[in-house]
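Colleague: pasting a predicted model and its sequence here:
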Amino acid sequence: MDNDRILIIGAGQSGLAAAHAALEQGLQPVLLEASDRAAGSWPRYYDSLALFSPARYSSLPGMGFGGDPERYPCRDEVVAYLERYAAALIERGAELRTGTRVETVHAAGEPGKSAFLVRTSDGQELTAPAVIAASGSFDRPHRPPLPGLDTFAGPVLHVADYRSPASLPGEHVVVVGAGNSAVQVAYELAAERRVTLASRAPIRFVEQRPLGRDLHFWFQVTGFDRLPLARADNPPASPVLDDGRYRRALREGRYTRRAMFIRLDGDHAVWPDGRSERVDAVLLATGYRPNLPYLADLGAVNAGGHPRQRHGLSLSHPGLGYLGLEWQRTPSSNTLRGVGVDARRVVAALARHLRESRRPARA
């Protein structure tokens, strides 16, 4: 087993940031990516997606985004940026294995020393003294158990499967959620459909450019992005960043917001006031959960699939780290602008662990 190897599961923004940090620590990162490219879930997001942060605040360590720093890059720009970043890492010595889906991770160390055996779907077996789970959450969309959802007569789509308005049939679409994706998609659909935004709490809008500067500028100035969190088991809902168009459209009735329906009944939604109305399709913009099934046999996750970790370091297995969890350590932990800071911390801690594990035991 190579004592400097670190296996990184996932080659999206979190995995790439981890590989960069590993190279800085003198480690040998091996990125294991299930898809055919190093861009994470970005190629599968909906067509109209644009970043909520300007290009100047949307880069990984060591490579700026390029172009107008004040623009809000679109999905395909992010994909191209991540692929350039991966190519630069490979030139520096990182190894990237695409089409390599991790099936299981098992402990394989000698007594007193941590090591891991990683098995992939194509039959590979790799060992390393350290592993970072950076597989994100896109492949595990959260579908809440809403009454009548399973028997609803029309199509039910999670935003993970939404690409454009052509993805949904019919005249009346109910979008469930109150976050950025819910509002952005509802706004897009409202150009040609009747749209109702259903949520348990009202939408919280935040001005995207207060005093003429993007909100992320103020996050940096005030230190909000560096604010550590005591717990991240139940992260707070994120407000909707708005340049004015979403609130204006809501105010003008282009789409409406209602309290969550009581139930779905056939092809109708029953609202809290007792009214029932026809619904042609339901779109769930209800978030995601950590996608870590390969760690279940290891015992590193709880019954709900959430990792037993603190600030990205496993509480059950030394040598195991995490990146890209929502609110893992700070509000920006699972973003392009923030994951690099977490990656440096997690990889530095794992590097210390590896150095200490090599020291001969005292008599």
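Modeller: Structure's in. What do you need?
Colleague: for the lengthiest helix in the chain, packing partners?
Modeller: Longest helix of the chain, by residue count under DSSP state H: helix 339-358. Under the contact definition 3 or more Cβ pairs under 8 Å, 6 or more residues apart in numbering; DSSP states H and E, helix 339-358 sits against helix 13-24, strand 130-133, strand 313-314, strand 320-322. Where you see a C-beta, it was placed from the backbone N, CA and C, and this is true even at glycine.
Colleague: convert it to PDB, retaining C-alpha atoms only.
Modeller: Taking only C-alpha atoms (Å, rounded to 0.1, in the frame of the first residue of the first chain), the coordinates of helix 339-358 have been written out as PDB:
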ATOM      1  CA  VAL A 339     -15.000  24.300  -0.400                       C
ATOM      2  CA  GLY A 340     -11.400  25.100  -1.000                       C
ATOM      3  CA  VAL A 341     -11.000  26.400   2.600                       C
ATOM      4  CA  ASP A 342     -12.600  23.200   4.000                       C
ATOM      5  CA  ALA A 343     -10.400  21.000   1.700                       C
ATOM      6  CA  ARG A 344      -7.200  22.600   3.100                       C
ATOM      7  CA  ARG A 345      -8.400  21.900   6.600                       C
ATOM      8  CA  VAL A 346      -9.500  18.400   6.100                       C
ATOM      9  CA  VAL A 347      -6.500  17.300   4.000                       C
ATOM     10  CA  ALA A 348      -4.100  18.900   6.400                       C
ATOM     11  CA  ALA A 349      -5.700  17.000   9.300                       C
ATOM     12  CA  LEU A 350      -5.500  13.700   7.300                       C
ATOM     13  CA  ALA A 351      -1.800  14.400   6.400                       C
ATOM     14  CA  ARG A 352      -1.000  14.900  10.100                       C
ATOM     15  CA  HIS A 353      -2.800  11.600  10.800                       C
ATOM     16  CA  LEU A 354      -0.800   9.800   8.200                       C
ATOM     17  CA  ARG A 355       2.500  11.200   9.500                       C
ATOM     18  CA  GLU A 356       1.700  10.200  13.100                       C
ATOM     19  CA  SER A 357       0.600   6.700  12.000                       C
ATOM     20  CA  ARG A 358       4.000   6.100  10.400                       C
END
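Colleague: domain map for the chain?
Modeller: If you go by automatic domain parsing, the domain ranges for the chain are 5-139+288-358, 149-204+239-284.
Colleague: now, of those domains, which is deepest in the fold?
Modeller: Each of the domains of the chain was scored by mean neighbour count; the highest is domain 5-139+288-358, a mean of 20, by mean count of other Cβ atoms under 10 Å.
Colleague: endpoints of it, how far apart?
Modeller: 13 Å (Cα to Cα, to the nearest Å).
Colleague: coming back round to it: how about TSV for the helices and strands packed on helix 339-358, with distance to residue 156 and mean pLDDT added?
Modeller: TSV is the format used below for the helices and strands packed on helix 339-358 (distance: least, Cβ to Cβ, whole Å; pLDDT from 0 to 100):
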stretch	distance to residue 156	mean pLDDT
helix 13-24	29	98
strand 130-133	29	98
strand 313-314	35	95
strand 320-322	30	97
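Colleague: make a markdown table from those and add distance to residue 141 to it.
Modeller: Formatted as a markdown table, these follow (distance: least, Cβ to Cβ, whole Å):
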| stretch | distance to residue 141 |
| --- | --- |
| helix 13-24 | 18 |
| strand 130-133 | 18 |
| strand 313-314 | 25 |
| strand 320-322 | 19 |
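Colleague: residue 93 is nearest to which of these?
Modeller: helix 13-24 (6.4 Å; Cβ to Cβ).
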